[in-house]
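Chemist: my questions are about this predicted structure, shown below with the sequence.
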Amino acid sequence: MKKVLCAILLLSVAAFFTGCATVSSPLAGMIYTDVKAPGPVSNASGSSKVGKATATSILGLFAMGDASIKTAAQSAGIKIIQHVDYYSTSILGLYSTFTVEVYGE
């Protein structure tokens with residue numbers, strides 16, 4: 001019985017430390033995720049400027065960054081947004097990034 005309890009405890013601790021750096025994505029791979037997805041679109045024409053904003057998560061314990069549309073637009077001086085794309089990457093649930101790309105004028 002002690003061996004069974006020790007095995008359960010060991011598996012629980014291992015599961016806790018396997019990493020939980022998940023990222024928003026229309027699809028997710030257990031080992032690796034690298035997905036591009038569309039975002040909002042407006043009636044504005046032309047997209048000569050591109051702005052990016054990224055947020056990062058490490059082990060699901062530390063998350064930092066500002067991946068907002070506003071920050072991405074400000075980074076390129078975009079006043080009129082034409083469309084937005086999202087990129088998500090995750091490696092083994094240990095390291096994840098979420099990037100917003102804003103196109104416009």
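Modeler: Everything's here; your move.

Chemist: which stretches of this protein have low pLDDT?
Modeler: Within the chain, the segments meeting pLDDT under 70 span 10-29, 44-46.

Chemist: 90 instead?
Modeler: Residues of the chain that meet the criterion pLDDT under 90 lie in 1-48, 59-62, 90, 92-94.

Chemist: for it, what spans make up the helices?
Modeler: 2-16, 69-75 (DSSP state H).

Chemist: leaving out chain neighbours, which residue sits closest to Val102?
Modeler: What sits nearest to Val102 in space, not counting adjacent residues and going by CB to CB, 6 or more residues apart in numbering, is Ala72, at 4.1 Å. Every C-beta, even on glycine, is put in place using the N, C-alpha and C of the backbone.

Chemist: identify the residues contacting the one you found.
Modeler: Gly51, Lys52, Ala53, Ile78, Val84, Val100, Glu101, Val102 (CB atoms under 8 Å, 6 or more residues apart in numbering).

Chemist: ok, and the most crowded of these?
Modeler: Using other CB atoms under 10 Å as the neighbour criterion, Val102 leads the contacts of Ala72 with 27 neighbours.

Chemist: what sits against it?
Modeler: Contacts of Val102 (CB under 8 Å, 6+ apart): Val50, Gly51, Lys52, Ala53, Ile69, Ala72, Ala73, Ala76, Ile78, Ile81, Val84.

Chemist: touching, the first one and Glu105? I think so.
Modeler: No. The pair formed by Val50 and Glu105 falls short of the contact definition of CB atoms under 8 Å, at 11.1 Å.

Chemist: mind putting the contacts of Val102 in a markdown table, distance to Pro38 included?
Modeler: As requested, these are exported to a markdown table (distance: CB to CB, whole Å):
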| residue | distance to Pro38 |
| --- | --- |
| Val50 | 15 |
| Gly51 | 16 |
| Lys52 | 16 |
| Ala53 | 17 |
| Ile69 | 13 |
| Ala72 | 15 |
| Ala73 | 17 |
| Ala76 | 19 |
| Ile78 | 17 |
| Ile81 | 13 |
| Val84 | 8 |
